[in-house]
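build me a model from this:
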Amino acid sequence: MPSIDKLEELFEILKNLSSTLDLDTLLKRIGDAAERLTNSEASSIMLIDEDKQHLYFKTAGGEKGYAVKKIKIKLGEGIAGNVALTKQSEIINDVSKDPRFTGKVDQQSGFQTRSILAVPIIINTTDGGDEVIGVIEAVNKKDPTGFTEEDKKLLESLAGVAAVSILNAKFSEDQRNFFTNVTELIVSAIETIRPKYRERYWKMTQMATLVAKMLGIQPRSEEYRNIYFGTLLHDIGYLSSKLKFEMDNADVFERTKVEQSHVIIGAEIVSKISLLKNIAPIIKHHHENFDGSGYPDGLKDEEIPLGARIVSVVEYVEELKIKNMQTEQIIQFLTQYSGSKFDPKITEIVKEILITMGQ
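Here you go, the predicted model:
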């Protein structure tokens, strides 16, 4: 039975694992936890490859961890391969006496393995069975007595939670990949309607996120994500068939007012999509002016969402670039409209970026 101290440490580790859905971060935490719980020199996490026939190193701790990530191990080969195949944990306190130990990883990494505790990472399947998705290894117990049954139970407990966390992280990663692909399709559709902006939305987004970083916004934060997608999709309202119909049927005097409604329509579109609803304010207000003279609501100063203030400047810059204006001219216009049309702080940052890019 694991000691109370070890159980408390395991509980804290499990709480820490549940706080991230980034797969690489999660696996690094699991590996670090395996080393701490078992008092080991190093650790590794291997996952089952897509071919279902091999394990590959997804993460490896210790000084030589970087060297093993390209190695693949066939199921049934070596200690980890046997653990994956049999779904049974193994304690090997002297690998030199175990014929299954091939030394292949040591040869390529320069690391010297003396002892291994290997535990399968198992998930429950929908048909009531189970499936191995990987193996956790703790390597070289620091205590000369070697790995114990207590170590095995602790690592099996960690593996059980790790299995669920890894699945959740993979699902989240798949969702993000799908979401990114759908976003790219939407941008392509907007570019079809507004061909002069082809490739321009990506350039605007690149500059907007650089501005965000220079404002101290962390790249992994929700605010940064909103600025990224808010910039990329700020003209999504142009995809509306209603807007196209009204613009086609508006006279020359009404057309400008009708076109301005793209910000409201765009905000309405994304507000109905759970993954995009937080960028609705950026889309709705990216044509507001810093002095309150913009549309649709006449907001001013910091009433205007930060993301919208950023989009306003970077979109203007891209408009001038389409007209083949030189950097010096663009900077002059930005200076002219700073404080009236644009947020002065953001304007200065964009000018700094333009000067740096022009060097």
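
in the helix or strand L27 falls within, what's buried?
Assignment of secondary structure by DSSP states H and E places L27 within helix 23-38. Within helix 23-38, the residues scored as buried using 16 or more other C-beta atoms under 10 Å are 23, 26-31, 33-38. Bear in mind the C-beta positions are built from the backbone N, C-alpha and C, glycine included.

which strands and helices sit next to it?
Counting contacts by 3 or more C-beta pairs under 8 Å, 6 or more residues apart in numbering; DSSP states H and E, helix 23-38 is packed against helix 4-17, strand 40-48, strand 54-60, strand 130-141, helix 149-193.

make CSV from those and add mean neighbour count to it.
Converted to CSV, the helices and strands packed on helix 23-38 look like this (neighbours: other C-beta atoms under 10 Å):
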stretch, mean neighbour count
helix 4-17, 14
strand 40-48, 23
strand 54-60, 21
strand 130-141, 23
helix 149-193, 16
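
need these in TSV (columns: mean pLDDT and distance to K70).
Formatted as TSV, these follow (pLDDT from 0 to 100; distance: least, C-beta to C-beta, whole Å):
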stretch	mean pLDDT	distance to K70
helix 4-17	56	26
strand 40-48	90	13
strand 54-60	83	8
strand 130-141	92	17
helix 149-193	81	21
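
quick one, which of those is nearest to T356?
Ranking the helices and strands packed on helix 23-38 by their distance to T356 (criterion: C-beta to C-beta) puts helix 149-193 first, at 26.0 Å.

just want the angle from that closest one to strand 54-60.
90 degrees (axes from the mean of the first three to the mean of the last three C-alpha atoms, to 10 degrees).

quick one: contacts of the next helix or strand after helix 149-193?
Next in sequence after helix 149-193, counting helices and strands by DSSP H and E, comes helix 200-214. With contact meaning C-beta atoms under 8 Å, 6 or more residues apart in numbering, helix 200-214 is reached by 187, 190-191, 219, 223-224, 227-228, 231-232, 234-235, 307, 310-311, 313-315, 317-318, 322, 346, 349-350, 352-353.

so helix 200-214 versus helix 149-193, what angle?
Using the same axes, to 10 degrees: helix 200-214 against helix 149-193 is 130 degrees.

so for helix 200-214, mean pLDDT?
For helix 200-214, mean pLDDT rounds to 95.

who are the packing partners of the next helix or strand after it?
Next along the chain after helix 200-214, taking DSSP H and E as the criterion, comes helix 222-232. Here helix 222-232 touches helix 149-193, helix 200-214, helix 280-285, helix 306-322, going by 3+ C-beta pairs under 8 Å, 6+ apart.

give me the contacts around the helix or strand following helix 222-232.
Later in the chain than helix 222-232, the nearest helix or strand by DSSP H and E is helix 241-249. Residues from elsewhere that reach helix 241-249 (C-beta under 8 Å, 6+ apart): 193, 237-238, 255, 258-259, 261-262, 265.

in what helix or strand does T256 lie?
helix 255-260.

got a list of contacts for that helix?
Taking C-beta under 8 Å, 6+ apart as the rule, helix 255-260 contacts 243, 246-247, 250, 287, 295-296.

drop anything exposed from those residues.
For those, buried by 16+ other C-beta under 10 Å: 243, 246-247, 287, 295.

which one in the residues you listed is the model shakiest on?
For the buried ones among the contacts of helix 255-260, the pLDDT minimum is M247, 79.

quick check: it vs L232, distance?
The spacing between M247 and L232, counted by C-beta to C-beta, to the nearest Å, is 23 Å.

sweet, I'm off.
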